[in-house]
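S.K.: Sequence plus predicted model, see below.
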2 protein chains.
Amino acid sequence: MAGKNVPVSPLAPKKFPKMPVVEGVAFATAEAGIRYKGRTDVLLATLAEGTTMAGVFTRSKCPSAAVDWCRAILAGGKARGIVVNSGNANAFTGLKGKEAVRLTAEIAAKALKCKPEEVALASTGVIGEPLDATKFNGVLADCAGRVDGAVWQDAARAIMTTDTFPKGASKTFKVDGVPVTISGIAKGAGMIAPDMATMLSFVFTDAAISAEALQACLSAGVKDSFNAITVDSDTSTSDTLMLFATGAAARRGQAPITQVKDPRLSAFKRALNKVLLDLATQVVKDGEGARKFVAVTVEGATSKKSAKRIALSIANSPLVKTAIAGEDANWGRIVMAVGKAGEPAERDLLSIYFGPYRLAEAGGRDPAYDEAKVSTYMKGDRIDIRVEIGLGRGKATVYTCDLTKAYVEINGDYRS
Amino acid sequence: MAGKNVPVSPLAPKKFPKMPVVEGVAFATAEAGIRYKGRTDVLLATLAEGTTMAGVFTRSKCPSAAVDWCRAILAGGKARGIVVNSGNANAFTGLKGKEAVRLTAEIAAKALKCKPEEVALASTGVIGEPLDATKFNGVLADCAGRVDGAVWQDAARAIMTTDTFPKGASKTFKVDGVPVTISGIAKGAGMIAPDMATMLSFVFTDAAISAEALQACLSAGVKDSFNAITVDSDTSTSDTLMLFATGAAARRGQAPITQVKDPRLSAFKRALNKVLLDLATQVVKDGEGARKFVAVTVEGATSKKSAKRIALSIANSPLVKTAIAGEDANWGRIVMAVGKAGEPAERDLLSIYFGPYRLAEAGGRDPAYDEAKVSTYMKGDRIDIRVEIGLGRGKATVYTCDLTKAYVEINGDYRS
C-alpha cells in the first residue's frame, strides 16, 4: 500500500500545483480508520446549492456499488456533496455493498441537509471486502462543520491508495469576460486502462452550465485524456470521473450556458481538456513502479479508431513495456504489437520512430539509424514512440509507462 | 537469452519424454553461429517422399517472411524437409527477409534433392535484423548427410531461444490395428498468446493421411491447446505449428485416410489433441519467469466463445498474474478481470473457486471461506481458478503462468 517503503515516483511533478478556490466547493478530510492507520481516508466535498453534475464511469460489467449509485443519481443532474473513501472499494460486496452505499449517502445527506440522491459517492481500495459505513457516522457531520475551499492537496491525498503523490490540475479562463476556473483532483496508480482509465477523478468549475451541456463536454473530453491512458490494461470496477459546476460565476455576470451547442462552450472545453489531460498523464506518471513516461502516437492508420487500437496494443504490450524499462529501443517488439492489434497494417509500409530518431522504414531497419544516439535517448524519463502506418490519415496518441520489477513487487503483495 | 544465468523453470517436467522414432522423419542439428555461440541453432528435418503437411500460423498482420513462405507452400500439400533456425526471427526484414527465405529453401532443396517449395521454414529470435542465409551453405548439406530419427531432444534444443528446457511429447495408438505414432517438439517462452500461441511447434506422424484431412485435424485441435495458452498476451510474428504425416504406416497395413469424415480419424484426433495439449502446456510452464502454472476455467457463460474470452481476460490480467506470483488468492482481481472482458456477466451471480475452495458466491465473499487453507493452496506450483458465471452453459479452459520479477528481468535486457 502507499507509503509502505514505496518512494515517490521519479516522474512526479516537482510540487503540487497552486490551485485557486472554486467558488461553491469546499473540502474536509478525516481518518475514519477504514483500512489505513495514521492517514486520512475520507474526503467530504460540499457543493453550493444549484450545482450541476456530469459523470463517466467504468465500462466494467461488474461495477462497484458506488458506481451503480452515481449512475442512478446522475439523472437528477444536481449535487450537494461528494463522499470518497480510500482503502475499501466496496466492490463485489453484494447486497451489503448496496446497503453501505445507501447508508453513506444518508449519513452525508443528514450532515449536508440535502437529499441522499444529491450525494455522489466513490470508494477505492481492496475489492470484495464489505465496507462498514457506520464508520462514517459522526465523521461526516464533523467534516461538514469545517470545510475549506483551499485544501486541494489534502483532498487529493485523502483519496490516494497506492499513489505516491497527490494529483491536481487547474485552469482559469474567461466566459462572457468573467474569470472562470476549472480545478480537479485524481488518483490512480494501478488497474488503469480504458475505458475508463482513472480510478477516481473529481473536477470542479464555478461556471454556470446545465447538467446536459456539462455531460456533453465531459463525454467528449474523456476520449483523448482519461480514455487514452493505460498502465497495465486492467480496468477497475470503480473507475469514476465526475464534473461539477457550481454556477457561482453567474453572480459575477456569466450568463448561464444551457445549450450543448452554445459557442461559449469552446473555451470551456479547451480548458477542461487541458485539465483532464494533465490529471490523466499524472495518473500514468504514478503508474505502479513507473520509471518512464511513454507517449505512443500512431499516424496514417485507416481511421482514428484504428490508430487508437494500434497505439493501445503497443502501450499495453508487456514486451514493449519491459524493453522500455530496460532502455532498449526494441522496435521489433513495436512491429509485433502493431501486428497483433488486428487492425489494417502492412509490414512493408511501417516506419517507427523513437523520439526524433527513425529506426525502421519500409519493412526494414533504417540504414541511417545511429544506435548510440538512440541509446542515449532511451535513458531519458520520457519516451515518445511514433509509428507511421502509411495507409490513411487516422491518428491517435495514448500514454503509458514502462513495466518494471517494482510493478510486480507492488502488486504481488498488495494485500499482504 | 537462454542459459544466461536463467535457471531451468521449476515447472519443467523431470525429464525429456521417451520418444520413439517416427518412421520417415529424421533430424540433424548444427551450430551455424547465427546469434548464439557454443550451442546448436539450426535444425534440419528430413521427411520421406510422399509426406503430407498441414499448418496453422500467427494471426499477426505483420507475419515473418518464413510464415509467408509456409502459408504459400501449404497449397502444395507435400513436404520433404524443414529448416528451423533460432537466434534471428527474420521478421520485419523487408525484401532482404524474402530473399533470405528463398535462399534458405534453395540451399535445403539442393541438400535434400527436392524442390524449394517442399521445404518448410521457420525462424525464431530477434525481430528486425536481416538473416544471413549464406550461413546455411554447407551446413544444411552436412546435416542432410547425418540425420537420425532418434535425436528428438537434440532437435527440441536446437530451436530454443529463451526456453529453459526442451519440449517434446508423444503418443502411440492404433489405426486399422496398425501401431501409429504422433510425436512433436515445441519452443515458446515469451510472446505467447493466441492466436497462435506457440512460437514454433512441429508434430510428426507415420500415419497415412491426406493433407486435407490432416489440416482439418490440426485446425480443430489447435483451439483447446495452442490457442488456449497465454504467457503475456503478446503475439509473435513467427508463430508456426505444422503437422507432417509420412505415411510409413501404410506399408505396415494402414489403409490411407483421404476423407475429412473418415471415422478412423477420431482415434487420430484424440491422440493428436493430447500431444498438442502436452506441448502447449509445456510452453506455458516455461513462460519467462514462470513459477506457477495456472489453469483458468470459466463455466456457465453464454457461449463457449464468451467463456474463452472471459478466461483469457483473467489469464492475461497483470494484476491477477502478479497476485498469483505473490501467492495471494485475490479474488477481487478475478472479478475485475471478468468485468473488463466485456462479455455477459452479472456481478451478483458470480462464484469463484481457487482449487477446491469457494472464495466468493452470489455477489460477495463466501462466509465459509477458510483463508488459512487457501493460503496453503496458493503456495503450490499449480493453481486452478474456476469461475461460474451462472448465465448459460459455455465453458472453456485456458492456461497461463504467473507474472514475476524474473519476467521483467528477462525481457528488460533480452537484446543487451
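M.R.: The structure has been received and is ready for your questions.

S.K.: Could you use CA atoms for every contact and neighbour count after this?
M.R.: OK.

S.K.: Which residue ranges make up the domains of chain A?
M.R.: A:25-285, A:293-412 (automatic domain parsing).

S.K.: Which one of these lies nearest to B:Asp224?
M.R.: B:Asp224 lies closest, by CA to CA, to one member of these: domain A:293-412, at 20.0 Å.

S.K.: Show me the strands in the stretch 101-250 of chain A, by range?
M.R.: Secondary structure of the stretch 101-250 of chain A (DSSP state E, counting those that start in this stretch): strands at A:119-126, A:167-175, A:178-187, A:200-205, A:240-245.

S.K.: For chain B, which of those strands is the nearest?
M.R.: strand A:119-126 (7.4 Å; CA to the nearest CA).

S.K.: Give the other helices and strands that that closest one contacts.
M.R.: Contacts defined by 3 or more CA pairs under 8 Å, 6 or more residues apart in numbering or on different chains; DSSP states H and E place strand A:119-126 against helix A:65-73, strand A:81-88, helix A:94-112.

S.K.: switch the cut-off to 7 Å
M.R.: Contact analysis of strand A:119-126 by 3 or more CA pairs under 7 Å, 6 or more residues apart in numbering or on different chains; DSSP states H and E lists helix A:65-73, strand A:81-88 as its packing neighbours.

S.K.: Pull up the pairing partners for it, direction included.
M.R.: According to DSSP bridges, strand A:119-126 forms sheet pairs with strand A:81-88 (parallel).

S.K.: A:Gly332: how many residues sit nearby?
M.R.: 24 (other CA atoms under 10 Å in any protein chain shown).

S.K.: From what I see, it and B:Ile127 are in contact.
M.R.: Yes: the criterion here is CA atoms under 7 Å, and A:Gly332 meets it with B:Ile127 at 4.7 Å.

S.K.: For the helices and strands packed on strand A:119-126, give me CSV that also has mean neighbour count.
M.R.: Shown next, in CSV, are the helices and strands packed on strand A:119-126 (neighbours: other CA atoms under 10 Å in any protein chain shown):
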stretch, mean neighbour count
helix A:65-73, 20
strand A:81-88, 24
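
S.K.: Export those as TSV, with columns for mean pLDDT.
M.R.: Formatted as TSV, the helices and strands packed on strand A:119-126 follow (pLDDT from 0 to 100):
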stretch	mean pLDDT
helix A:65-73	95
strand A:81-88	92
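
S.K.: Would you mark the buried spots in the host helix or strand of A:Thr281?
M.R.: Following DSSP states H and E, one finds A:Thr281 within helix A:265-285. By 16 or more other CA atoms under 10 Å in any protein chain shown, the buried positions in helix A:265-285 come out as A:265, A:268-269, A:271-285.

S.K.: which residue ranges form the strands in the stretch 251-400 of chain A?
M.R.: For the stretch 251-400 of chain A, the strands defined by DSSP E, counting those that start in this stretch cover A:293-301, A:351-354, A:357-361, A:364-365, A:382-388, A:394-401.

S.K.: Go through those and name the closest to chain B.
M.R.: Set against chain B and scored by CA to the nearest CA, the strands of the stretch 251-400 of chain A come closest in strand A:364-365, at 4.5 Å.

S.K.: Neighbouring strands - and their directions - for that closest one?
M.R.: The pairing partners recorded for strand A:364-365 under DSSP bridges are strand A:357-361 (antiparallel).

S.K.: need the helices and strands packed on strand A:119-126 in JSON lines with distance to B:Gly326, can you?
M.R.: Output for the helices and strands packed on strand A:119-126, formatted as JSON lines (distance: least, CA to CA, whole Å):
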{"stretch": "helix A:65-73", "distance to B:Gly326": "28"}
{"stretch": "strand A:81-88", "distance to B:Gly326": "20"}
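
S.K.: Can you lay out the strands of the stretch 101-250 of chain A as JSON lines showing distance to A:Gly355?
M.R.: Shown next, in JSON lines, are the strands of the stretch 101-250 of chain A (distance: least, CA to CA, whole Å):
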{"stretch": "strand A:119-126", "distance to A:Gly355": "36"}
{"stretch": "strand A:167-175", "distance to A:Gly355": "27"}
{"stretch": "strand A:178-187", "distance to A:Gly355": "29"}
{"stretch": "strand A:200-205", "distance to A:Gly355": "30"}
{"stretch": "strand A:240-245", "distance to A:Gly355": "32"}
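
S.K.: For stretch A:40-60, measure first residue to last.
M.R.: End-to-end distance of stretch A:40-60 (CA to CA, to the nearest Å): 28 Å.

S.K.: repeat for stretch A:117-137
M.R.: First residue to last in stretch A:117-137 (CA to CA) measures 18 Å.

S.K.: What residues of that stretch count as buried?
M.R.: A:117-133, A:136-137.

S.K.: what residues are shared contacts of A:Gly332 and B:Ile127?
M.R.: Contact criterion CA atoms under 7 Å, 6 or more residues apart in numbering or on different chains; residues shared by A:Gly332 and B:Ile127: none found.

S.K.: Which pLDDT value belongs to the nearest residue to A:Thr302 once chain neighbours are set aside?
M.R.: Of all residues not flanking A:Thr302 in the chain, A:Gly392 sits nearest, at 4.5 Å (CA to CA, 6 or more residues apart in numbering or on different chains). pLDDT for A:Gly392: 96.

S.K.: Equivalent analysis for A:Ser238, please.
M.R.: 82.

S.K.: now do A:Gly364
M.R.: pLDDT, read off for A:Gly364, is 81.

S.K.: How many residues are close by the residue nearest to A:Thr302?
M.R.: 15.

S.K.: which ones are touching it?
M.R.: Contacts of A:Gly392 by CA under 7 Å, 6+ apart are A:300-303.

S.K.: circling back: helices or strands next to the helix holding A:Thr281 in the packing?
M.R.: strand A:167-175, strand A:178-187, strand A:394-401.

S.K.: could I get these as TSV with mean neighbour count and distance to chain B?
M.R.: Converted to TSV, the helices and strands packed on helix A:265-285 look like this (neighbours: other CA atoms under 10 Å in any protein chain shown; distance: least, CA to the nearest CA, whole Å):
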stretch	mean neighbour count	distance to chain B
strand A:167-175	21	23
strand A:178-187	24	18
strand A:394-401	25	14
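
S.K.: I'd like those strands laid out as JSON lines, including distance to A:Ala337.
M.R.: Output for these, formatted as JSON lines (distance: least, CA to CA, whole Å):
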{"stretch": "strand A:167-175", "distance to A:Ala337": "31"}
{"stretch": "strand A:178-187", "distance to A:Ala337": "29"}
{"stretch": "strand A:394-401", "distance to A:Ala337": "14"}
